[in-house]
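Peer 1: using only what follows, build the 3D model:
(chains A and B)
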Amino acid sequence: MKGTTKTAIPYLVWSVVFTVIPMLLIVVFAFTTSEGGFTLDNISKIGKYSNIYVKSINLAVIATLVCFLIGYPLAFIISRASERAQKNLLLLIMLPMWMSFLLRTYAWMTLLENEGIINTLLTQLGFEPLQMINTQGAVVLGMVYNYLPFMVLPLYSIMVKIDKSVIEAAQDLGASLLHVFFRVLLPLSVPGIISGITMVFVPSISTFIISRLLGGGSNMLIGDLIEQQFLGGTYNPYLGSAISLVLMVIMLLIMGIINSQDSDEMEGMLI
Amino acid sequence: MKKIGSKIYLFLCFLFLYAPILVLIIFSFNQSKNRANFTGFTLKWYRDLFQNELIMTSLRNTIVVAIISSLVATVIGTIAAIGISGMKKRAKGIVMNITYLPVINPEIITGVSTMLLLVLICNTITQLAASIFGVQLKLELGMWSVLISHITFCLPYIILNVLPKLRQMDPHLYEAAIDLGCSPVQAFFKVVVPEIMPGILSGCLMAFTFSLDDFIITYFTSGSSFQTLPVTIYSMTRMKINPQINALSAIMFVVVLVLLLLTNVSPSKRTKRI
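Peer 2: Got it, this is the predicted structure:
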């Protein structure tokens, strides 16, 4: 169907106006004063919030790592199950994803509270109640709980394609279990690992709900900081844009590092 | 031995995934507001939920927004996909990069950037109305801005679902229809659309569910007067203990379960028929 490219025009206009221009606005606002002049103040003010950036990156990295450690064996077990079982297990992995993530996070709130179910059980059993809500651990738990399926699904879809005979061949040739894992299984699943990491890391580092519901006031993340500048008491879209811009740059850098890792691995595999 | 090990692991993972949801559902039948002790069975939270004006209005808003935005996105996206598939490689590359932008961008960035533009539009129109026409018109964020933002994030899913179907389609089909006397519009509706229908439908369904479920982008673009269900749920979780949330979770869980089972049963039947 040559010569039909004109039908894309309404979409192009739409996405330039509502996708490209808003992104440019973030850049413009990041360097603008409230009177409209050019400034670097917004960017330099961010130094003040460096601890929040560090904390966000930290927690997101930990959550991604935990998701990987839980998700990798899980995806492997599912990919080696019978076809019927695979379908059912995948359905079970996806089912919570379709429920509002607010409700899922709220569920953990009721479990972890000081007078919540876990602490009630602990005191009934004669233990000391634990401080679980409003801790960094609770925030990481919330991230892992919400985004674990995002890790499992891409890992599964790559592992299901790995031929059983490749693993058997490695074993026949005398590779130990560890060898099979590090030399065969892991390198072959790199593309799935990359997309799993991306899909967990991006929402984790930019969340503001999980940190607010489970982390309380003392565990503010970048997402909360941005939200406050746009909808909170300290309305300042200029500073908010600068914070968002820096977040995007950090994410691009981290994603760049991860993806370059990918091409190295690929080359290694070819050799 | 190995089998038992992996069974236990699976069990623990699913316990982790489902225990919190099950607890929510169990406590939706709890008589007291206490979230830790079960004191007796009741259905009053469900009754309260259905009588809750705010929740019912926001549910209606959510459904209206999801229907309109997924349909508009489907129309614009489908014809866009046809245009994109006819593009030269370079132009196609640029357009696809723009298309992927909302997919890979963190939602909060999409939310605040769209909000910046929409607020700017509101202020400009308000000022223009005042200075040129002398009218006191105050344009505020509301349903229209939610619709715009939802259509924007729905569009890529339509395009990404329709494009592969177009690639699979025999390009001569369209030409044959023209040769046999169809006008381009007729050829489009009678030949192209039926060919790519599965892609359109799955894209539309995806867009619909994403729109229903979206919180973050809506939160930034809805303003103060218009609320969708996720936004209402958020304000409920911020307030005091409210077992109506539990009742809502239980209903949503059952609805999702039924829908997933239905959609997962039907495709296998269809493939069998083929």
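Peer 1: low-scoring stretches of the chain, by residue?
Peer 2: Picking chain A for this. A:1-3, A:261-271 (pLDDT under 70).
Peer 1: chain B, not that one
Peer 2: In chain B, residues with pLDDT under 70: B:1-2, B:240-241, B:265-274.
Peer 1: so after the strand or helix carrying residue B:22, what's the next helix or strand?
Peer 2: Element membership for residue B:22, per DSSP states H and E: helix B:2-27. Downstream of helix B:2-27, the first helix or strand assigned by DSSP H and E is helix B:44-51.
Peer 1: please name the nearest non-neighbouring residue to residue A:213.
Peer 2: residue A:105 (5.0 Å; C-beta to C-beta, 6 or more residues apart in numbering or on different chains). Where you see a C-beta, it was placed from the backbone N, CA and C, and this is true even at glycine.
Peer 1: give me the phi and psi for the one you found.
Peer 2: phi -70, psi -40 (degrees, to the nearest 10).
Peer 1: my read: it touches residue A:208, true?
Peer 2: No: applying C-beta atoms under 8 Å as the test, residue A:105 and residue A:208 come out as separate, 11.4 Å apart.
Peer 1: between these two, tell me which one has more neighbours.
Peer 2: residue A:105 (23 against 20; other C-beta atoms under 10 Å in any protein chain shown).
Peer 1: now do the contacts for that one.
Peer 2: A:142, A:145-146, A:209-210, A:213-214, B:237 (C-beta atoms under 8 Å, 6 or more residues apart in numbering or on different chains).
Peer 1: any idea how far the residue of chain B found nearest chain A is from residue B:212?
Peer 2: In chain B, the residue that lies nearest chain A is residue B:83 (2.8 Å; C-beta to the nearest C-beta). Residue B:83 is 28 Å from residue B:212, where distance means C-beta to C-beta, to the nearest Å.
Peer 1: in the stretch 1-150 of chain A, what residue is nearest chain B?
Peer 2: residue A:8 (2.8 Å).
Peer 1: any idea how far residue A:176 is from the residue in the stretch 151-271 of chain A that chain B sits nearest to?
Peer 2: The nearest approach of the stretch 151-271 of chain A to chain B comes at residue A:206, 3.6 Å away (C-beta to the nearest C-beta). Per C-beta to C-beta, residue A:206 is found 41 Å from residue A:176.
Peer 1: not counting sequence-adjacent ones, nearest residue to residue A:162?
Peer 2: residue A:188 (5.2 Å).
Peer 1: pull the number of nearby residues for that neighbour.
Peer 2: Applying other C-beta under 10 Å, I find that residue A:188 has 18 neighbouring residues.
Peer 1: repeat that for the one 10 residues further on.
Peer 2: Applying other C-beta under 10 Å, we find 20 residues neighbouring residue A:198.
Peer 1: same question for residue A:104.
Peer 2: The burial count for residue A:104: 20, using other C-beta under 10 Å.
Peer 1: try residue A:20
Peer 2: Neighbour tally, residue A:20, other C-beta under 10 Å: 14.
Peer 1: just residue B:42 next, same as before
Peer 2: Residue B:42: 14 neighbours (other C-beta under 10 Å).
Peer 1: please apply the same query to residue A:24.
Peer 2: Residue A:24, neighbours per other C-beta under 10 Å, totals 13.
Peer 1: please identify the helix or strand for it.
Peer 2: Short version, using DSSP H and E: residue A:24 is in helix A:21-30.
Peer 1: pull the CA atoms of that helix into CSV?
Peer 2: Output in CSV follows, covering the C-alpha atoms of helix A:21-30 (Å, rounded to 0.1, in the frame of the first residue of the first chain):
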residue,chain,number,x,y,z
ILE,A,21,6.2,19.0,23.2
PRO,A,22,5.5,18.0,26.8
MET,A,23,9.0,16.4,27.0
LEU,A,24,10.5,19.6,25.5
LEU,A,25,8.5,21.6,28.1
ILE,A,26,10.2,19.7,30.9
VAL,A,27,13.6,20.7,29.5
VAL,A,28,12.5,24.3,29.0
PHE,A,29,10.9,24.6,32.5
ALA,A,30,14.1,23.1,34.1
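Peer 1: state the next helix or strand along the chain beyond that helix.
Peer 2: helix A:41-45.
Peer 1: report the buried residues of that following helix.
Peer 2: In terms of neighbour count (16 or more other C-beta atoms under 10 Å in any protein chain shown), helix A:41-45 has its buried residues at A:42-43.
Peer 1: returning to what we had before: right, and the residue of the stretch 151-271 of chain A closest to chain B touches residue B:105 too?
Peer 2: No: the pair residue A:206 / residue B:105 is not scored as a contact, 9.3 Å apart, by C-beta under 8 Å.
Peer 1: OK, contacts around the closest residue to the residue of the stretch 1-150 of chain A closest to chain B other than its chain neighbours?
Peer 2: Spatial nearest neighbour of residue A:8, excluding adjacent residues (C-beta to C-beta, 6+ apart): residue B:83 at 2.8 Å. Going by C-beta under 8 Å, 6+ apart, residue B:83 touches A:4-9, A:11.
Peer 1: could you redo the last one with a cut-off of 6 Å?
Peer 2: Applying C-beta atoms under 6 Å, 6 or more residues apart in numbering or on different chains to residue B:83 gives the contacts A:4-5, A:7-8.
Peer 1: which of the residues you listed ranks first by neighbour count?
Peer 2: residue A:8 (25 neighbours).
Peer 1: enumerate every residue touching it.
Peer 2: Contacts of residue A:8 (C-beta under 6 Å, 6+ apart): B:80, B:83-84.
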